[in-house]
Structures are given as C-alpha cells and as structure tokens.
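# Sequence and predicted structure below; questions after.
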Protein chains: 2
Amino acid sequence: MASIEEVAKLAGVSTATVSRALSGRGHVSPASRAKVEKAAGQLGYVVSSNASSLASGRTRNIGVVVPFLNRWFFSSVLEGAQQALLRHGYDLTLYNLAGDGQERASVFEHFLMRQRVDAVIAVSLELTPPEVTRLHELGKPLVGVGGPIPGVHTLAIDDGAIAKLATEHLISLGHTRIAHIGGSSEFDLDFHLPSHRRIGYESALTEAGLTVDPRLFAAADFMVPGGYTAAKQLLGNPRDRPTAIFAASDEMAFGSILAARDLGLSVPGDVSIVGIDDHDLAEFFGLTTVAQFPRVQGERAVDVLMNELEPGRGEVPAPTATPLPYELRVRSSTARPAA
Amino acid sequence: MASIEEVAKLAGVSTATVSRALSGRGHVSPASRAKVEKAAGQLGYVVSSNASSLASGRTRNIGVVVPFLNRWFFSSVLEGAQQALLRHGYDLTLYNLAGDGQERASVFEHFLMRQRVDAVIAVSLELTPPEVTRLHELGKPLVGVGGPIPGVHTLAIDDGAIAKLATEHLISLGHTRIAHIGGSSEFDLDFHLPSHRRIGYESALTEAGLTVDPRLFAAADFMVPGGYTAAKQLLGNPRDRPTAIFAASDEMAFGSILAARDLGLSVPGDVSIVGIDDHDLAEFFGLTTVAQFPRVQGERAVDVLMNELEPGRGEVPAPTATPLPYELRVRSSTARPAA
DNA sequence: CTGAAAGCGCTAACAC
DNA sequence: GTGTTAGCGCTTTCAG
C-alpha cells in the first residue's frame, strides 16, 4: 500500500502538497496538482481513512441507525441515504437496532461513540434524551427521519395530513362507512405515526360531518398478514360492513385487498381500499395510496447533515422548513360505493 | 472526549496498561484492570477507533457489498451479517452497488480501498478478477455469499439441488406437466443461480423419465409482478396447461398464485405451486417452498471472516466444506394433480 | 504556493 | 505484570 510519502517523493513535492492536492483543501499550483495526481495514479495510492481521520478529526463516515432492514420503508430510506452519501464521498456504517434494549445500549456506547462517524441518521427511532445528549456532547450532528426526536432536527412527513388526505379521497367518492386499520399502541412507543395517522383519519371524518365509530378501527402491525386479518374482521361484520378501508400502510392495504377477495368481495366494487406508502407493489395491486417517497427522505437527511458538516457549500438554506413531499396516487382500488 | 492518557492518569497506570486492560490483549492484573475500568467508566471513555486502527492495522470493521437493499434475500443476509458482526464487536459499512458500472468502480477505487475495512463480504456479486486481485493485494479477506466469485471462498446454497428437490416434490405428487419460471438470462451475468436452478429442474424431470418442454419455461425477474405475468402466460395456455409451477423465487411464486386466482384456477386444486426462499410471506400464502435461510448465510460469512481475521479462537475448523442448509417446507400450495 | 514539523490517540515491541 | 517509547499515515499550522 503506497503511502503519501512515496507519492510525494515520486511527484517531487512535500507530503503537505500531496495532501492539499488530493483533498482539495488549500491552494496548489496546477503544475503540482498534475504531478501529484499522476504519481498517485501510478502508485494506486488511496488515502488511509484512519490516518486522515485521526489527523483531521473528520471521518467522512455517517452512522445510520434503523430498527428494521427488511421492510420497504426502511430499506428505501437507507438506499436513498447511501446513494446521497456516496455522491458526497462519505461512507455509511449501518446499525440495526433490531434486538432488545441490551443490544441497543451496546450499539450506543461501544459503537456509535468510537469516533467512527461524523454524524448519525436515526430512522424511526426515538432516542432517549441521554442518548441525544451524549451525541451532542461529542459534537456529532444528529438527524432523525420519520421519528420524532425531542430537540433534534427531524425529517418527517406530516402523518396527520397524509392520513387526512387518504380519508378525504374516500369521503369525496361518497363513502361514509370508512374503516381504518392502524398500528397497535405498542408501535407508538418508538414512532408515533400510528396515532398521528389515526388522528388525521378521524379529523377528516369529523370535518365531513361523519361520526367516528370505534368499531371501524382495527389494529395491526403494518404488515401484510396483519392487514389481512384486520380486514377480514372488519369486512366480515354481518351488518354495517364498511364500504371502504383506509390502511395506514400499503402492506396492510395489500392484506386487505386479499382479504376482500377471499371473502368474495370485489375491490373496488364492494369495498374501496387506500393505503399509505406507494410501495413497489402498489402498482401491481392497483392500490390507491399516498406516496411518501422514503428514498427522498434518506437523501434529504444527508443534505441536512452535509450542511452542518460542510457549511458554505451553497446548499439549500433552511431545509428544516422544507416540508416533505407526499402525493395521492389514485389507482384502481377505490371508487364510489355501490348504490 | 476523554483520551487514554486521562484514563491512565486517573487510574494511576500507564497508557499501555489501559490499552491492554480495555482491549483484552496481553495480561493485566485484576487490580489494575478494575482501576482502569472504573476510571474509564467515570470519564465515559471510549477508544478512538481511528487511532486504534492506525496503530494496530485492524479496523474492526467489515465492508458488505450488496446489489439491492430492498429485496428479501439481500436484506436478510445483511441482517444476519450485521448481527453476527455486532456480537464480535465489529462494525459494518454498507456499499450498495445499485447503479451503473461507474458507481461500482467508484466504490471499489475510492471506498473499499481506503483501509476502512478489514475484510469484505460480497453478496450475489460477481467481482471481476482485477477487483479480487486488488483486494488480495491489500491482504483483505473476501468472502462471497450466493454468488460465484472465482478464487474466492464463497458461501452458496446448492441451487441445482434445491431446484431439483422442489421439482421432485411436484413429481412425487404425480405431476408430469411442470412449468418453470426462472430468471432471464441477463440475471445470469452477476449471479448464475437462474441457470443452476433451471438445470436442477431439468435434471429432476429427466431422471423421472419426463421430457423437458421448452414451452413450459418462462423467464421473469424474481419479483412478484414478473411471476404474475409469467404464470398468466403459462396457465393461460388453452391446451396442455401445466398442472404445476416451480418458481425460482418465492416472490415469483406469490405472483403465480395471484395469477392462478385471477384466472379462476384454484391452488392447489387446479395447479400446484412451489417456490424457493421461504420468504416472510410464504406462510401467509400457504406456499410450499424450499427454505434457504439467508440470515444464516450472512452469519456464516461472518464466521468465515472471523476465522481468517482472528485465528485460534476455537471456531469451526473448515467452514468451506460446510454445506449450507436448505429444507423443503410443504404447505398448502401443492397437492396431487386433479384426476 | 510550498515545505517542515508537530501532533491526532492509540498499540506493540521492548525493557524492566 | 507494567511502563517507556517509537511509530501508524495523514493534516495542518507556521514560516518562508
């Protein structure tokens, strides 16, 4: 492995110049730069990130903490963040806080803190105040995606507004008995979106002069089987069967579509179904949904971080204010209720 | 941020002792160890991984390269690897080679090489000989998962055997017109499993004295919509409709089940369907499949690496030889063909 | 614009 | 079992 010294020797300059030429910091004459680049190329030189980090205090590495890897939302956010980081020349080290509190503590104390990252992106995780404080003490910027972290710059879609939009779509089609499949309360611990979405749903109903019927709510776990089970309950109701279901996630909406089919109900003939996400399979299922662009959320999180880490690069001024985009995508799972 | 020196001072020992006590390398008296641990605790000391890496040459960090993040197989392998690494005290830095060759080259030249990782795990990626050579030159162990990399220790299930097993299950039930939905040839570029699985399927047929009918093969992209489309083609055939479909992935099998339903065919009444994977939703769909435990594959890859990186820890002797497990899981999507 | 030199914080011989 | 010390390879003042 060629070292900076060898490059300097070959290029006929000092190591300082090599460093400057290759990192882009500080001025170097075009001539020297050319010589350095040539030498570096010949030697296959690549900086040692450790030596560089140690000397400069910057690691060019971002820690990303997610609670799940195999769910559409999280893997999409991760993908967006990864790509954006790559463009900025940063690496991404991944921490999957799947397990218990034990594992979580371990990740925090022994991993994130070892100065290995310049900043952290927490996806749908509610960090505790001590955790946040610790990070701040270390001067590590922290940005949250999709989860409310007190005192932290968080990127999150307006769950209430999204849920309201989805519900209003159903109302505008003429539905009055609209069921909701939302998260069970346990999910509220780490990310409050279940309740926010439920509130949005209820407020749309109320504003339209409809009453909120608690029997039209079913809790599930955001996944397909959960949505299926919940929808079966809802749709199996012998009287007052809902004519529409608003599911808090596309996966639960897929489950609902399958449940309806299994009951011999047609979608959207007998029941309209709308979700939230715009999952990869939404198109396939013809699902009407509110898209929330998680990839973009990941990219945005990186933008925010880059702003803090490398100011003056002419980035967006105040991304804090930028609302995250969402968009109703009407497909074939919703229609006017049967007369 | 407390440094090792402060800890040493507070504990009344030298920095070397602190290092030894905290890293576990070399002998330290219980008394000193206790003092050091107490001091470190009080100061909230955590080693600087950069300084440590620079001095020792070990980063305790593994690079994992995957082509996709949002597919069940890959995220599962990643999850397994992440967890196993955590147990060993290693970090995982993630490289997603989603994009073009440009991005790929960049990852290779500028990221993997910056001495940030001790080893790399390549998932379903066929690295080119120069890439492999480069890694070897740097003395970085490399292990492949699911993809054949020439000259590299690779963990892969026996795709031929798995496909054969799935097909034999169908044959043993009495099916003779068995269709296969496999990967299109473009997929063969990076991971050859499509052709291996097709070969397994064909050999099962041949051994049972059945003829291989090319009209019973359809190519797809391993995902649900692709499987759906392929299955519709296969099942829509007005004469000689197959009585069973063997799909090379569970997602394509799900698509096939949905296609059958949409055609009014019952599964397994009119058509039996079997997949490969044991995807999270296989249970939900009642899909008979051959499980391939990707999480375990990720963990195994880590085991192999740890063996190379930290020999003499009493690990498994020769994991090279260890065949990866797979298992037929019979559910409700397969049955004898209708009489 | 460039070079010399002082560390960044830790580990690993090497002595004791 | 423990301390001393020489680096690991780079960045960054500080001069020039």
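Perfect, thanks for sending it.
# What sits closest to the residue in the stretch 101-250 of chain A that DNA strand D sits nearest to if chain neighbours are left out?
Closest contact between the stretch 101-250 of chain A and DNA strand D, by CB to the nearest atom of the strand, is at A:Asp118 (12.5 Å). Backbone N, C-alpha and C define where each C-beta goes, glycine included. Nearest non-adjacent residue to A:Asp118, counting by CB to CB, 6 or more residues apart in numbering or on different chains: A:Thr59, 5.1 Å away.
# Give me the below-cutoff pLDDT ranges for the stretch 1-150 of chain A.
For the stretch 1-150 of chain A, applying pLDDT under 70 flags the ranges A:99-102, A:109-112.
# Near DNA strand C, which residues of it? Just list them.
Neighbours of DNA strand C within the stretch 1-150 of chain A, by CB under 7 Å from any atom of the strand: A:12-17, A:20, A:26-29, A:31-32, A:51, A:54-55.
# Let me see the contact set for the closest residue to A:Val47 other than its chain neighbours.
Of all residues not flanking A:Val47 in the chain, B:Arg114 sits nearest, at 6.0 Å (CB to CB, 6+ apart). By CB atoms under 8 Å, 6 or more residues apart in numbering or on different chains, the contact list for B:Arg114 reads A:46-49.
# need the residues of chain A near DNA strand D, please.
So far as CB under 7 Å from any atom of the strand goes, chain A lies against DNA strand D at A:1, A:3-5, A:15-16, A:18-20, A:22-23, A:25-26, A:45, A:47-48, A:51-52, A:54-58.
# Please flag which of the residues you listed sit within helices.
Of the residues of chain A next to DNA strand D, the ones assigned to helices by DSSP state H are A:4-5, A:15-16, A:18-20, A:22-23, A:51-52, A:54-56.
# Tell me, how many residues neighbour the residue of the stretch 151-300 of chain A found nearest DNA strand C?
When scored by CB to the nearest atom of the strand, the stretch 151-300 of chain A has A:Val152 as its residue closest to DNA strand C, at 25.4 Å. Look at A:Val152: counted by other CB atoms under 10 Å in any protein chain shown, it has 17 neighbours.
# and if you look at A:Ala55?
12.
# again with A:Arg295
The number of residues packed near A:Arg295 is 18, by other CB under 10 Å.
# Nearest residue to it in space, please, no chain neighbours.
A:Arg295 sits nearest to A:Gly80 (CB to CB, 6+ apart), 3.6 Å away.
# ok, the one you found to A:Val46 distance?
26 Å (CB to CB, to the nearest Å).
# quick revisit: top of the contacts of B:Arg114 by neighbour count?
Busiest of the contacts of B:Arg114 [other CB under 10 Å] is A:Ser49, holding 23 neighbours.
# and the closest residue to it other than its chain neighbours, which of the three is it?
Of all residues not flanking A:Ser49 in the chain, B:Arg114 sits nearest, at 4.2 Å (CB to CB, 6+ apart). Three-state assignment for B:Arg114 (DSSP: H, G, I helix; E, B strand; the rest coil): coil.
# what's the spacing between B:Arg114 and A:Val123?
25 Å.
# Does the residue of the stretch 151-300 of chain A closest to DNA strand C touch A:Lys140 like I think?
No: using CB atoms under 8 Å as the test, A:Val152 is too far from A:Lys140 to be in contact (11.4 Å).
# centroid residue for chain A?
A:Val77 (3.9 Å; CA atoms, centre = their mean).
# Phi first, then psi, for that residue.
phi -60, psi -40 (degrees, to the nearest 10).
# Identify the residue of chain A closest to DNA strand C, quick one.
Relative to DNA strand C, the nearest point of chain A is A:His27 (2.9 Å; CB to the nearest atom of the strand).
# Report how many residues lie close to that residue.
Neighbours of A:His27 (other CB under 10 Å): 8.
# Next: A:Arg25.
Number of residues near A:Arg25 (other CB under 10 Å) recorded here: 10.
# got a list of what A:Pro337 touches?
A:Pro337 makes contact with A:173-176, A:243-244, A:272, according to CB under 8 Å, 6+ apart.
# Please identify the buried residues of stretch A:214-230?
For stretch A:214-230, a neighbour-count test (16 or more other CB atoms under 10 Å in any protein chain shown) marks A:216-230 as buried.
# and A:Trp72, what does it touch?
A:Trp72 neighbours (CB under 8 Å, 6+ apart): A:250-251, A:277, A:279-280, A:294, B:70.
# Would you write a PyMOL line that selects the buried entries of the residues you listed?
Buried members of those, defined by 16+ other CB under 10 Å, are picked up in PyMOL with:
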select buried, (chain A and resi 250+251+277+279+294) or (chain B and resi 70)
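# Among the contacts of A:Trp72, which are located in helices?
Using DSSP H, the subset of these located in helices is A:250-251, A:294.
# Out of the residues you listed, which comes closest to A:Thr211?
Ranked by distance to A:Thr211 (CB to CB), those are led by A:Asp250 at 27.2 Å.
# so A:Leu210 touches A:Leu170, yeah?
No: contact criterion CB under 8 Å: A:Leu210 and A:Leu170 do not qualify, at 10.3 Å.
# between the two, who's got more neighbours?
A:Leu170 (28 against 16).
# now the nearest residue to A:Thr243 once chain neighbours are set aside: how far from A:His169?
Excluding the flanking residues, the one nearest A:Thr243 by CB to CB, 6+ apart is A:Pro337, at 4.1 Å. Distance, A:Pro337 to A:His169, using CB to CB: 13 Å.
# ditto for A:Asn50
From A:Asn50 to A:His169 the distance is 53 Å (CB to CB).
# who's more crowded, those two?
When neighbours are counted by other CB under 10 Å, A:Asn50 comes out ahead of the other of A:Asn50 and A:His169, with 25 against 21.
# where along chain A do the helices fall?
Going by DSSP H, chain A shows helices at A:4-11, A:15-23, A:30-43, A:49-56, A:72-87, A:101-106, A:129-137, A:159-172, A:193-207, A:224-236, A:250-262, A:282-285, A:294-309.
# Neighbours of A:Arg239, how many?
The tally of other residues near A:Arg239 (other CB under 10 Å) stands at 4.
# can you check A:Pro30 too?
Residues near A:Pro30, counting by other CB under 10 Å: 8.
# same question, A:Ala122
So A:Ala122, with other CB under 10 Å, has 28 neighbours.
# check contacts around it.
A:65, A:142-145, A:147, A:149, A:152.
# Just the buried ones from these?
For the contacts of A:Ala122, buried by 16+ other CB under 10 Å: A:65, A:142-145, A:147, A:149, A:152.
# Show me what A:Asn61 is bridged to.
A:Asp91 (DSSP bridges).
# what's the distance between it and A:Ser106?
19 Å.
# quick one: which of those two has more around it?
Per other CB under 10 Å, whichever of A:Asn61 and A:Ser106 has more neighbours is A:Asn61, with 24 against 16.
# Contacts only, for the more buried one.
Per CB under 8 Å, 6+ apart, neighbours of A:Asn61: A:49, A:53, A:90-93, A:116-118, B:93, B:116.
# ok, now A:Ser75?
A:Ser75 neighbours (CB under 8 Å, 6+ apart): A:69, B:69-70, B:75.
# and those residues as TSV, adding distance to B:Arg198?
Below are these laid out as TSV (distance: CB to CB, whole Å):
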residue	distance to B:Arg198
A:Leu69	30
B:Leu69	27
B:Asn70	25
B:Ser75	25
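# In these, find the pair that's most separated.
Counting by CB to CB, the most remote pair of those is A:Leu69 and B:Asn70, 9.6 Å apart.
# Low-confidence bits of the stretch 151-300 of chain A, can you list those?
A:185-193.
# Could you rerun that using 50?
Across the stretch 151-300 of chain A, the ranges flagged by pLDDT under 50 are A:188.
# Walk me through the domains of chain A.
A:4-47, A:58-157+A:294-323, A:159-291 (automatic domain parsing).
# and of those domains, who's closest to B:Phe284?
The closest of the domains of chain A to B:Phe284 is domain A:159-291. By CB to CB, the value is 4.6 Å.
# Return the distance of the closest one from the chain's centre.
Relative to its parent chain, domain A:159-291 has a centroid offset of 21 Å by CA atoms, centre = their mean, to the nearest Å.
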